[in-house]
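Peer 1: structure for this input, please:
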Amino acid sequence: MNSLFKALSHPVRRRIIAMLRKGPLASGDIAAAFDMSWPTITGHLNALKEAGLVSPERDGQSIRYRLEISAVEEALAFLMDLSGTGAAKEEDRHD
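Peer 2: As a prediction, this is how the structure comes out:
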């Protein structure tokens, strides 16, 4: 969970996540949306991959990245529980 929140702490990575909400994208298309070097974007994509937030797929000669919804849902559930609005709060109401 720590790597997930660390990955989300950078604004470029959050922007990549937002881009991938619309569907899978090739790494070149992701890089084209930013004014930074290819190695820098690759580093951000690797951080997202290591956190389980994105998964790469080879598509011919390029790599397409897609958002891993389960990881996003896990982070959201944690935050909701932490704020007292998640499933743990529901269980408390039924006790």
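Peer 1: list the beta-bridge partners for the residue nearest to residue 21 when sequence neighbours are not counted.
Peer 2: Residue nearest to residue 21 in three dimensions, not counting chain neighbours: residue 67, with 6.1 Å by C-beta to C-beta, 6 or more residues apart in numbering. Using the backbone N, CA and C atoms, a C-beta is placed for each residue, glycine as well. Beta-bridge partners for residue 67, by DSSP bridges, are residue 54.
Peer 1: how many residues are close by residue 67?
Peer 2: Counted by other C-beta atoms under 10 Å, the residues lying close to residue 67 total 21.
Peer 1: so what's the residue sitting nearest the centre point of the chain up against?
Peer 2: In the chain, the centroid-proximal residue (C-alpha atoms, centre = their mean) is residue 53; its distance is 3.6 Å. With contacts defined as C-beta atoms under 8 Å, 6 or more residues apart in numbering, residue 53 is in contact with 4, 7-8, 13, 17, 67-68, 71-72.
Peer 1: distance of it from residue 2?
Peer 2: The gap separating residue 53 from residue 2 is 13 Å, by C-beta to C-beta, to the nearest Å.
Peer 1: and the biggest helix by length in the chain, what's buried?
Peer 2: The residue-count maximum for a helix in the chain (DSSP state H) belongs to helix 69-83. Within helix 69-83, the residues scored as buried using 16 or more other C-beta atoms under 10 Å are 71-72, 75.
Peer 1: just those residues now: which is nearest residue 81?
Peer 2: Each of these was checked against residue 81 using C-beta to C-beta; the closest is residue 75, at 10.9 Å.
Peer 1: contacting residues for the closest one?
Peer 2: So residue 75 contacts 1, 4-5, 8 (C-beta under 8 Å, 6+ apart).
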